[in-house]
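Novice: prediction below, plus the sequence it came from.
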Amino acid sequence: MANDRNQMVSVRQRQSSRGLFSPEVVDLVVPPLKFGGYAGTVGVLAGVGGSIFQEANPIIWGTVSGFQWFTLGTSFWFTRSIIVKGWGGEERLKNGDKTIASAIAGTAAGSVGGLIRGPKNILPAMFVFTIVGAGGQMIANRMATRKPKVHDEKESFWSRWSPLKKLTDQEYRDMMSEKMLRIDADIALIDDRIAELKKQAEEEELKGSST
């Protein structure tokens, strides 16, 4: 009996430490809510800005627009997360598969947005958000696969007009060795000139002593 009670207590402690939901459910629900929160914030700002031009109540417009964008963002990311997880995960998907998943998620989000605005807006909203989802994913794929060449292009542009040039290690060694050769040649010329002057001085001394 005591062992059974201890096992029950340990099981309850494990359940309480894990929380009410499993990690799989948390990973599936929390990211869409975060994405929806970001989208809802943008929607609130857009609604308040639109109310200024329409001379309407900014609180009502901001609330309605924020709710709509929150619903769109949450439904989009939730649908996309389910598709991506069902297809093996984000790391295993190709860019084309990611685009298809985002397009399907855009269709689902558009249908939800169309239901909020009215049945007549379902098909247009599905069409628009399908294009938006696919286009946004294509842009994201292009940005992810693009190599960072901007810094090198800037350097090559400015190097054309700059009087200074960045040398490699080999170029620097060659330049220094060339300078050392020039210095050695100059020293040799100076030594030769000194020897000539000494010789002239000795000859003058011999001429003076002979006279």
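Specialist: Nice, I can see it.

Novice: can you give me the helices for this structure?
Specialist: Applying DSSP state H to the chain gives helices spanning 2-18, 23-54, 58-86, 95-117, 122-145, 150-161, 169-210.

Novice: adding mean neighbour count, write those out as JSON lines.
Specialist: No exception for glycine: its C-beta is placed from N, CA and C like everyone else's. Converted to JSON lines, those look like this (neighbours: other C-beta atoms under 10 Å):
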{"stretch": "helix 2-18", "mean neighbour count": "9"}
{"stretch": "helix 23-54", "mean neighbour count": "15"}
{"stretch": "helix 58-86", "mean neighbour count": "19"}
{"stretch": "helix 95-117", "mean neighbour count": "20"}
{"stretch": "helix 122-145", "mean neighbour count": "16"}
{"stretch": "helix 150-161", "mean neighbour count": "9"}
{"stretch": "helix 169-210", "mean neighbour count": "10"}
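
Novice: can you put these in TSV and add mean pLDDT?
Specialist: TSV is the format used below for the helices of the chain (pLDDT from 0 to 100):
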stretch	mean pLDDT
helix 2-18	51
helix 23-54	83
helix 58-86	89
helix 95-117	89
helix 122-145	89
helix 150-161	54
helix 169-210	80
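
Novice: could you chop the protein up by domain?
Specialist: As assigned by automatic domain parsing, the chain contains the domains 21-146, 167-210.

Novice: quick one: the last one to chain centroid distance?
Specialist: Using C-alpha atoms, centre = their mean, to the nearest Å, the mean C-alpha position of domain 167-210 is found 60 Å from that of the whole chain.

Novice: kindly report the same for stretch 89-97.
Specialist: 18 Å.

Novice: end-to-end on that stretch?
Specialist: Stretch 89-97 has its terminal residues 11 Å apart, counting by C-alpha to C-alpha, to the nearest Å.

Novice: name the residues that touch that stretch?
Specialist: V84, W87, K98, A101, M138, N141, T145 (C-beta atoms under 8 Å, 6 or more residues apart in numbering).

Novice: could you measure from the nearest residue to I116 once chain neighbours are set aside over to R80?
Specialist: Spatial nearest neighbour of I116, excluding adjacent residues (C-beta to C-beta, 6 or more residues apart in numbering): Q68 at 5.8 Å. Using C-beta to C-beta, to the nearest Å, we find Q68 at a distance of 19 Å from R80.

Novice: would you mark the buried spots in stretch 84-94?
Specialist: Judged by neighbour count using 16 or more other C-beta atoms under 10 Å, the buried positions of stretch 84-94 are V84, L93.

Novice: what distance separates that stretch from the centre of its chain?
Specialist: 21 Å.

Novice: can you offset everything so residue one is 13?
Specialist: All right, first residue 13 from here; so that's stretch 96-106.

Novice: start and end of that stretch, how far apart?
Specialist: 11 Å.

Novice: before we move on, back to that, and the residue nearest to I128, how close does it get to M150?
Specialist: Taking C-beta to C-beta, one finds Q80 at 25 Å from M150.

Novice: try T53
Specialist: Distance, T53 to M150, using C-beta to C-beta: 25 Å.

Novice: now do D186
Specialist: Distance from D186 to M150, by C-beta to C-beta: 48 Å.

Novice: do E102 as well
Specialist: From E102 to M150 the distance is 16 Å (C-beta to C-beta).
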